[in-house]
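Enquirer: 3D, please:
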Amino acid sequence: MNILKKMLGYPADTQTHHDYNKKKQVNLQRDLLEFVKVTSANQAIPLADQVIDGTPLVVNFEELAVSEANQMIAFLSGVVYSINGTNLQMQSKVFLFTADENLKDGTIMEFYQEYKEE
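Expert: Next up is the predicted model:
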(Lines give C-alpha, C1' and ligand atoms only; values in the text may rest on other atoms or scores of the structure.)
Protein backbone atom coordinates (compact mmCIF):
# COMPACT_ATOMS: atom_id res chain seq x y z
CA MET A 1 0.00 0.00 0.00
CA ASN A 2 1.24 3.46 -0.82
CA ILE A 3 2.69 5.02 2.35
CA LEU A 4 0.86 8.31 1.76
CA LYS A 5 -2.46 6.50 1.46
CA LYS A 6 -1.64 4.61 4.66
CA MET A 7 -0.68 7.88 6.37
CA LEU A 8 -3.94 9.47 5.32
CA GLY A 9 -5.90 6.48 6.56
CA TYR A 10 -7.13 4.95 3.32
CA PRO A 11 -8.80 2.51 3.46
CA ALA A 12 -9.78 3.27 7.04
CA ASP A 13 -11.74 0.05 7.59
CA THR A 14 -8.73 -2.18 6.85
CA GLN A 15 -6.25 -0.54 9.18
CA THR A 16 -4.50 -2.88 11.52
CA HIS A 17 -3.82 -2.17 15.14
CA HIS A 18 -0.57 -3.52 16.57
CA ASP A 19 0.34 -4.33 20.13
CA TYR A 20 4.01 -3.52 20.48
CA ASN A 21 6.00 -4.56 23.47
CA LYS A 22 8.60 -1.98 24.48
CA LYS A 23 11.02 -4.84 25.26
CA LYS A 24 10.63 -6.26 21.76
CA GLN A 25 13.78 -5.88 19.70
CA VAL A 26 13.34 -3.85 16.53
CA ASN A 27 15.97 -2.96 13.99
CA LEU A 28 14.56 0.48 13.20
CA GLN A 29 12.32 2.72 15.29
CA ARG A 30 10.54 3.62 12.07
CA ASP A 31 9.14 0.05 12.07
CA LEU A 32 7.15 0.90 15.21
CA LEU A 33 5.16 3.69 13.56
CA GLU A 34 1.42 3.26 13.94
CA PHE A 35 -0.91 5.01 11.46
CA VAL A 36 -4.29 6.10 12.83
CA LYS A 37 -7.19 7.88 11.17
CA VAL A 38 -9.23 9.54 13.92
CA THR A 39 -12.98 9.41 13.40
CA SER A 40 -14.11 10.46 16.88
CA ALA A 41 -12.87 12.63 19.72
CA ASN A 42 -13.39 9.56 21.93
CA GLN A 43 -10.13 8.17 20.57
CA ALA A 44 -8.02 10.73 22.47
CA ILE A 45 -7.40 8.66 25.61
CA PRO A 46 -6.49 5.40 23.82
CA LEU A 47 -4.10 7.33 21.55
CA ALA A 48 -2.54 9.03 24.58
CA ASP A 49 -2.05 5.61 26.19
CA GLN A 50 -0.29 4.35 23.07
CA VAL A 51 2.10 7.31 23.04
CA ILE A 52 2.81 6.89 26.76
CA ASP A 53 3.50 3.19 26.15
CA GLY A 54 6.14 4.18 23.57
CA THR A 55 4.34 3.74 20.26
CA PRO A 56 5.12 6.52 17.77
CA LEU A 57 1.88 7.61 16.08
CA VAL A 58 1.10 9.24 12.76
CA VAL A 59 -2.41 10.59 13.32
CA ASN A 60 -4.78 11.80 10.60
CA PHE A 61 -7.45 14.25 11.86
CA GLU A 62 -9.22 14.84 8.50
CA GLU A 63 -12.51 13.28 9.64
CA LEU A 64 -12.90 15.66 12.60
CA ALA A 65 -14.27 19.18 12.70
CA VAL A 66 -11.54 21.80 13.07
CA SER A 67 -12.41 22.51 16.71
CA GLU A 68 -12.36 18.80 17.66
CA ALA A 69 -9.11 18.25 15.79
CA ASN A 70 -7.50 21.24 17.51
CA GLN A 71 -8.60 19.97 20.93
CA MET A 72 -7.17 16.50 20.27
CA ILE A 73 -3.93 17.92 18.89
CA ALA A 74 -3.57 20.12 21.98
CA PHE A 75 -4.33 17.19 24.28
CA LEU A 76 -1.89 14.81 22.56
CA SER A 77 0.74 17.56 22.43
CA GLY A 78 0.41 17.90 26.21
CA VAL A 79 0.78 14.16 26.63
CA VAL A 80 3.87 14.15 24.42
CA TYR A 81 5.32 17.09 26.34
CA SER A 82 4.80 15.26 29.65
CA ILE A 83 6.91 12.32 28.44
CA ASN A 84 9.63 14.52 26.91
CA GLY A 85 8.44 13.84 23.40
CA THR A 86 7.94 15.58 20.10
CA ASN A 87 4.99 16.36 17.87
CA LEU A 88 5.52 17.30 14.25
CA GLN A 89 3.03 18.45 11.64
CA MET A 90 3.38 16.37 8.49
CA GLN A 91 0.41 17.77 6.55
CA SER A 92 -2.39 20.18 7.40
CA LYS A 93 -4.28 17.54 9.40
CA VAL A 94 -1.65 14.82 9.85
CA PHE A 95 0.70 14.86 12.85
CA LEU A 96 3.46 12.67 14.23
CA PHE A 97 3.51 12.15 18.03
CA THR A 98 6.40 10.29 19.68
CA ALA A 99 8.64 10.08 22.71
CA ASP A 100 12.13 11.48 22.07
CA GLU A 101 13.65 8.07 22.86
CA ASN A 102 12.14 6.84 19.58
CA LEU A 103 14.12 9.46 17.65
CA LYS A 104 17.58 8.25 18.68
CA ASP A 105 18.31 6.10 15.61
CA GLY A 106 17.12 8.84 13.23
CA THR A 107 14.78 6.67 11.16
CA ILE A 108 11.58 8.37 12.33
CA MET A 109 13.03 11.77 11.47
CA GLU A 110 14.04 10.40 8.06
CA PHE A 111 10.43 9.27 7.59
CA TYR A 112 9.21 12.71 8.64
CA GLN A 113 11.58 14.51 6.24
CA GLU A 114 10.60 12.19 3.40
CA TYR A 115 6.81 12.52 3.78
CA LYS A 116 6.17 15.95 5.30
CA GLU A 117 4.28 18.43 3.19
CA GLU A 118 6.37 21.38 2.11
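Enquirer: Could you give me the buried positions within stretch 41-58?
Expert: By neighbour count on 16 or more other Cβ atoms under 10 Å, the buried set for stretch 41-58 is Ala44, Leu47, Ala48, Gln50, Val51, Gly54, Thr55, Pro56, Leu57, Val58. (C-beta placed from N, C-alpha, C; glycine too.)
Enquirer: List the contacts of the longest helix anywhere in the chain.
Expert: Secondary structure of the chain per DSSP state H: the longest helix is helix 66-82. The contact list for helix 66-82, computed with Cβ atoms under 8 Å, 6 or more residues apart in numbering, reads 38, 41, 43-44, 47-48, 51-52, 59, 61, 64, 85-87, 93, 95, 97-99.
Enquirer: now do stretch 88-102
Expert: Residues contacting stretch 88-102 (Cβ under 8 Å, 6+ apart): 7-8, 29, 32, 47, 51, 54, 56-62, 69, 73, 76-77, 79-80, 83-87, 108, 112, 115-117.
Enquirer: Just give me the neighbour total for Glu110.
Expert: 13 (other Cβ atoms under 10 Å).
Enquirer: thinking again about what came up before, in its sheet, what does the next helix or strand after the longest helix of the chain sit against?
Expert: Remark: after helix 66-82, the chain's next helix or strand is strand 85-91, criterion DSSP states H and E. According to DSSP bridges, strand 85-91 forms sheet pairs with strand 94-99 (antiparallel).
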